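1. here is my input, please return the structure:
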Amino acid sequence: MGQRWLRGPLANNAGVADPTNDYVLTCRDFNLFVFYYLRRILGFTYVEEVQQSGSSWVWDTAHEHTAADGVLTATDYTFSSASALFAAGDVGKFLVMVDATNEENCGIYEIDTFTSSSIVTVKWYTTGGNFPTASTGITWYLIDGETAGDPRNDDYYVLEVPHATSPYTMKCRYLGFGGGSFNGSGTGIEVAPEASAWNVGTHTWNTGVRDRLFERKVTRGFVNSAHGRTFAYGHTDGSHWMVWDHHINATGVKEGAGVTILGALESSPAPDAEELVYAWGQGLSSNNSASWGRSIVDTVQEMSWGSVWSERGGLAEDVYWLSWYDSADIFRANVGVNARTSKRDALPIWTMRDPLNAGDNWAPWGEIPTAHMVVATVNILGEHVSFDSDNFLHIRDDLVIPWPGLPFA
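-> Residues are numbered from 1 along each chain as shown. Below you'll find the model as predicted:
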């Protein structure tokens with residue numbers, strides 16, 4: 001199906017405990033998590049990377065080892081590779097796994113123990129007794145922020161996302177402590193809603209490219225708090241991806257961003273392909289960590305800011321999530337299953353233009369595909385809880401995404 005997840009790797013830089021040097025060290029791991037998820041696990045197309053003066057950081061070649069002969073068993077958490085060159089010092093580093101046959105195995109996993117140069121065990125981020133799907137021929141990469149180099153703020157890479165009808169180009173820049181983000185380090189993501197929008201020769205956006213969508217931030221968390229585990233869900237066809245950080249030192253603090261190809265709500269006039277590229281998440285000036293930048297506008301609250309290009313409007317527009325969260329009156333109202341259907345009701349998430357800036361042109365904009373994200377009556381289950389045979393995950397406040405059949409831990 002092309003779905004891929006990250007189920008909670010925790011940036012640690014080979015055992016350096018938080019908060020010791022947290023501002024610098026764990027941000028390196030986090031940035032590698034985002035890059036390797038987008039580039040290797042989802043398989044988006046690499047265009048180029050550019051380092052600032054004084055930087056020795058690398059993105060696409062950050063891995064120490066890679067091969068395509070990884071083996072997972074179904075009875076424990078052993079990972080083996082005949083061509084591997086594992087060492088005792090690799091404990092605390094991370095294995096990126098791309099399993100073309102068993103999508104639930106894909107992800108980034110911390111090495112837990114060293115057995116031999118060809119065998120290690122990994123943290124599987126699930127409750128005991130739940131094991132990987134047995135598999136061979138797994139493509140793997142050994143990564144660690146310490147060995148990827150010494151980054152500088154604004155080091156960046158460019159990826160193309162070849163969606164079939166609404167392709168887009170992304171520039172993703174390194175945000176370390178003080179790197180342009182007020183409330184945390186991470187990755188700043190700027191999206192141009194068209195293919196081949198980047199000029200490798202000049203390292204700039206092409207002349208005449210449509211306005212880039214406002215830069216979003218995939219944040220690693222507050223600079224003055226313990227960092228959190230990294231989660232992600234997306235599809236290899238580019239129709240949807242999202243990355244979020246779940247803080248380990250505060251209940252309900254989750255910060256993230258992503259890109260979704262919206263489904264059109266209206267057919268006349270037919271939307272341009274560019275209009276359906278929806279980049280959402282925190283802006284770089286956001287200081288609201290309480291649920292991904294939720295804020296109130298005319299009593300309507302949204303998951304976060306988002307932007308959509310409008311040829312008819314001539315500008316990138318601020319767009320909100322409709323039918324999700326309205327003050328204390330959340331859709332779920334702490335209810336359980338529908339007594340008639342014995343199911344947990346779910347609704348699609350619509351987007352609408354910013355009511356403060358839309359003037360007389362206020363209107364629903366598009367729909368986040370329900371295959372990727374819905375709002376449902378599940379808040380009673382608690383935050384970050386998988387349900388329905390672990391095939392869905394409730395993030396918070398009724399927001400539900402697909403999950404790979406593994407209990408969350």
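2. C-alpha only now, for contacts and for neighbours.
-> OK.
3. what pairs with the strand or helix carrying Thr113, and is each one parallel or antiparallel?
-> Taking DSSP states H and E as the criterion, Thr113 maps to strand 107-116. Here strand 107-116 has these sheet partners by DSSP bridges: strand 94-98 (antiparallel), strand 119-122 (antiparallel).
4. now the longest one: average pLDDT?
-> Meaning strand 94-98. Strand 94-98 carries an average pLDDT of 98.
5. returning to that earlier point: out of the strands paired with strand 107-116, nearest to Thr219?
-> For Thr219, the closest of those is strand 94-98, at 19.6 Å, according to CA to CA.
6. how far off centre is the closest one?
-> 16 Å (CA atoms, centre = their mean, to the nearest Å).
7. outside of that strand, which residues touch it?
-> The contact list for strand 94-98 (CA atoms under 8 Å, 6 or more residues apart in numbering) reads 36, 40-41, 105-111, 138-144.
8. run the angle between the helix or strand that contains Arg229 and strand 107-116 for me.
-> Element membership for Arg229, per DSSP H and E: strand 228-235. Angle, strand 228-235 to strand 107-116, by axes from the mean of the first three to the mean of the last three CA atoms, to 10 degrees: 120 degrees.
9. could you chop the protein up by domain?
-> 3-143, 156-329+355-365 (automatic domain parsing).
10. and those, which one averages the lowest pLDDT?
-> domain 156-329+355-365 (a mean of 72).
11. and it, end to end?
-> Length of domain 156-329+355-365, first residue to last, CA to CA, to the nearest Å: 31 Å.
12. so the residue located most distally from the centre of the chain is in which element?
-> Distance to the chain centre peaks in the chain at Arg340, reaching 35.7 Å (criterion: CA atoms, centre = their mean). Using DSSP H and E, Arg340 sits within no helix or strand.
13. for the one 10 residues further on, same thing?
-> Remark: Trp350 resides in strand 349-353, with elements defined by DSSP H and E.
14. next, the spatially most central residue of the chain: secondary structure please.
-> With distances taken as CA atoms, centre = their mean, Val243 lies nearest the centre of the chain, 1.6 Å away. Following DSSP: H, G, I helix; E, B strand; the rest coil, Val243 is assigned to strand.
15. wait, doesn't it sit right on Phe231?
-> Yes: the criterion here is CA atoms under 8 Å, and Val243 meets it with Phe231 at 5.7 Å.
16. does the closest residue to Leu393 other than its chain neighbours belong to a helix, a strand or coil?
-> Leaving aside its sequence neighbours, Leu393 sits nearest to Ser386 (CA to CA, 6 or more residues apart in numbering; 4.2 Å). Assigned with three-state DSSP, Ser386 falls in the strand class.
17. need the contact list for Ser386.
-> Ser386 neighbours (CA under 8 Å, 6+ apart): 392-394, 403, 406-408.
18. in JSON lines, list those residues along with neighbour count and pLDDT.
-> Compiled in JSON lines, the contacts of Ser386 are given as follows (neighbours: other CA atoms under 10 Å; pLDDT from 0 to 100):
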{"residue": "Phe392", "neighbour count": "19", "pLDDT": "96"}
{"residue": "Leu393", "neighbour count": "25", "pLDDT": "94"}
{"residue": "His394", "neighbour count": "25", "pLDDT": "89"}
{"residue": "Trp403", "neighbour count": "23", "pLDDT": "97"}
{"residue": "Leu406", "neighbour count": "22", "pLDDT": "95"}
{"residue": "Pro407", "neighbour count": "20", "pLDDT": "92"}
{"residue": "Phe408", "neighbour count": "17", "pLDDT": "83"}
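19. fine, thanks again, bye for now.
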